[in-house]
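K.L.:
Provided below are the primary sequence and the corresponding predicted coordinates.
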Amino acid sequence: MSYDHRYLFEAIYVSLHEKPCSSLGELSKRFRLSRRTIQNTVADAAQKTFREFREDLLIEKVRRTLLSQPMLAIKELSSTMGYRYARSFARAVRRASGSCPVQLRSSVVTELLDLSNGIVGVENRAVGSRNLAHGGHAQQDLL
């Protein structure tokens, strides 16, 4: 049987985006397709194995969730990702990223702080530059 692989890949992407813990078997049942068809579709479209693709989507979704809710409890985060058990979620995150969920959250929070400090630093430099251009002193602006 012939399939439109673009449409099938999009459906696989949407399913994994909604529930990154979905297994190949679950998707196979859901779409009524063989595991091999799903694996081949992902390999052709994403140039990755199904597992690599699913893990990339999981980490992307975890990072996005942590950026918007950095203090979300790991147990709640795992539930949000569709995992029944926080331990299974932690194992999946560790396998995909090399870090446990707490370490991943820490790196995301650090990125947030760096980003906010960078924005503040850029704003301060811009104010200093404007004042220098108008005859002011940058040191006075920083005090």
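P.N.:
Cool, the structure landed. Every value quoted in this text rests on a predicted model; they were computed, and no experiment measured them.
K.L.:
Pass me the low-pLDDT residue ranges in this protein, would you?
P.N.:
For the chain, applying pLDDT under 70 flags the ranges 1-2, 119-143.
K.L.:
Spatially central residue in it, please.
P.N.:
Central residue of the chain (Cα atoms, centre = their mean): residue 60, 1.5 Å from the mean position.
K.L.:
if we look at stretch 90-99, which residues are touching it?
P.N.:
Under the contact criterion Cβ atoms under 8 Å, 6 or more residues apart in numbering, stretch 90-99 has outside partners 21, 55-56, 58-59, 62, 74, 78, 83, 100-101, 104, 107. The way it works is simple: take the backbone N, C-alpha and C, and place the C-beta from them, glycine included.
K.L.:
Buried residues, that stretch. List them.
P.N.:
90, 92, 93, 96, 97 (16 or more other Cβ atoms under 10 Å).
K.L.:
which one among the residues you listed gets closest to residue 41?
P.N.:
Closest approach between the buried residues of stretch 90-99 and residue 41, by Cβ to Cβ: residue 96, at 20.6 Å.
K.L.:
Chain neighbours aside, what residue packs nearest to the closest one?
P.N.:
Nearest residue to residue 96, sequence neighbours excluded (Cβ to Cβ, 6 or more residues apart in numbering): residue 55, at 3.5 Å.
K.L.:
what about that neighbour, helix or strand, and which?
P.N.:
Here residue 55 is covered by helix 50-68, with elements defined by DSSP states H and E.
K.L.:
Repeat that for residue 114.
P.N.:
Per DSSP H and E: residue 114 is located in helix 101-133.
K.L.:
Please save the CA atoms from stretch 49-66 in CSV.
P.N.:
Presented in CSV, the C-alpha positions along stretch 49-66 are these (Å, rounded to 0.1, in the frame of the first residue of the first chain):
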residue,chain,number,x,y,z
THR,A,49,15.7,7.1,13.9
PHE,A,50,12.3,7.1,15.4
ARG,A,51,13.8,7.1,18.9
GLU,A,52,16.1,10.1,18.1
PHE,A,53,13.3,12.0,16.7
ARG,A,54,11.0,11.3,19.6
GLU,A,55,13.7,12.2,22.1
ASP,A,56,14.5,15.5,20.3
LEU,A,57,10.8,16.4,20.5
LEU,A,58,10.6,15.5,24.1
ILE,A,59,13.6,17.7,25.1
GLU,A,60,12.3,20.6,22.9
LYS,A,61,8.9,20.4,24.7
VAL,A,62,10.4,20.1,28.1
ARG,A,63,12.7,23.1,27.5
ARG,A,64,9.8,25.2,26.1
THR,A,65,7.6,24.2,29.1
LEU,A,66,10.4,25.1,31.6
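K.L.:
Good, wrapping up.
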